[in-house]
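*Asks:* Sharing a sequence plus its predicted fold:
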Amino acid sequence: MADKPARALVIYGDGLMSALHSHLHALASKGCCGFLALRDLVNEDERVVRELAQLLDVHDPAISERFMGMKAAMVTLGFSVIALHELASELLSLLGLQEAAVAENSKFDLVFVHIWINALVGRIMETIQPGTAAASHLYLALVLSYGAVSEISPSLASLCPHQSYTMKEGHVRHHHPMLVVQQQEAVTRRDGAKRFSFEEFQEHGGNLAILADRFLYEIAFKLWKTPKYGA
């Protein structure tokens with residue numbers, strides 16, 4: 001059980017499900033895995049922006065207004081491999097997390113990183129080793145999407161029981177969801193998944209699927225900024 005609110009680091013890779021590496025499999029084996037279902041998109045040219053907009057649920061008021069003053073930041077592409085160790089350290093610093101201590105106050109409660117570097121995930125996991133102060137107060141989430149798709153496999157149709165979002169209005173894409181793994185020491189469950197892949201999550205993942213635009217509410221709940229989504 002957590003003794004105080006966590007701080008969240010979300011790493012999002014658009015269209016990168018085909019470029020998987022060892023650090024991602026390691027995170028999947030330690031966390032709780034599942035899917036984020038996407039609403040259908042009319043214009044493929046706007047896919048990148050529209051999918052990101054769903055993940056951030058940008059159609060509502062500001063994050064701070066919805067979630068009890070939650071302070072959020074977004075970091076996007078533009079870092080060299082040479083600066084990775086500095087980037088990993090700075091991301092944790094923005095959340096007030098150091099290996100040996102946790103600051104009482106931090107610049108942000110949530111940092112969203114729109115970037116794809118396998119080594120960054122490895123560096124973060126290396127810094128938040130089990131037993132450190134940072135490990136017990138960092139809620140780490142990795143989200144990957146397929147990008148542009150032209151077929152309907154892999155599909156969420158075989159998930160049982162049927163998820164609640166399928167019963168509501170709105171055009172939802174029932175294939176190629178975002179894949180998400182979430183991990184916080186002594187807080188999240190560890191499921192049976194060992195690799196970061198659709199088939200592995202479908203067979204062994206601890207979570208099934210929710211709409212992508214509800215993901216931010218799940219994160220806010222983990223940070224003690226909103227009641228449990230769906231409760």
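*Replies:* That came in fine, so what should we check first?
*Asks:* CA atoms for contacts and neighbours, from now on please.
*Replies:* Will do.
*Asks:* From the centroid of the protein, which residue is nearest?
*Replies:* Ala141 (3.4 Å; C-alpha atoms, centre = their mean).
*Asks:* That one contacts Gly13, correct?
*Replies:* No. The pair Ala141 / Gly13 is not scored as a contact, 11.3 Å apart, by C-alpha atoms under 8 Å.
*Asks:* Output the contacting helices and strands for the strand ranked longest in the chain.
*Replies:* In the chain, with assignment by DSSP state E, the single longest strand is strand 172-183. Where contact means 3 or more C-alpha pairs under 8 Å, 6 or more residues apart in numbering; DSSP states H and E, strand 172-183 is packed against helix 22-30, strand 32-39, strand 138-144.
*Asks:* chain center to it: distance?
*Replies:* Relative to its chain's centre, strand 172-183 lies at 10 Å (C-alpha atoms, centre = their mean, to the nearest Å).
*Asks:* Check stretch 176-185 too.
*Replies:* 5 Å.
*Asks:* mind listing the helices in the protein by residue range?
*Replies:* 22-30, 47-56, 63-66, 84-94, 118-127, 198-204, 215-222 (DSSP state H).
*Asks:* Can you convert those helices into a markdown table and add a column each for mean neighbour count, distance to Val180 and mean pLDDT?
*Replies:* Compiled in a markdown table, these are given as follows (neighbours: other C-alpha atoms under 10 Å; distance: least, C-alpha to C-alpha, whole Å; pLDDT from 0 to 100):
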| stretch | mean neighbour count | distance to Val180 | mean pLDDT |
| --- | --- | --- | --- |
| helix 22-30 | 20 | 9 | 89 |
| helix 47-56 | 17 | 11 | 83 |
| helix 63-66 | 14 | 21 | 90 |
| helix 84-94 | 17 | 20 | 83 |
| helix 118-127 | 17 | 14 | 82 |
| helix 198-204 | 18 | 9 | 90 |
| helix 215-222 | 20 | 10 | 91 |
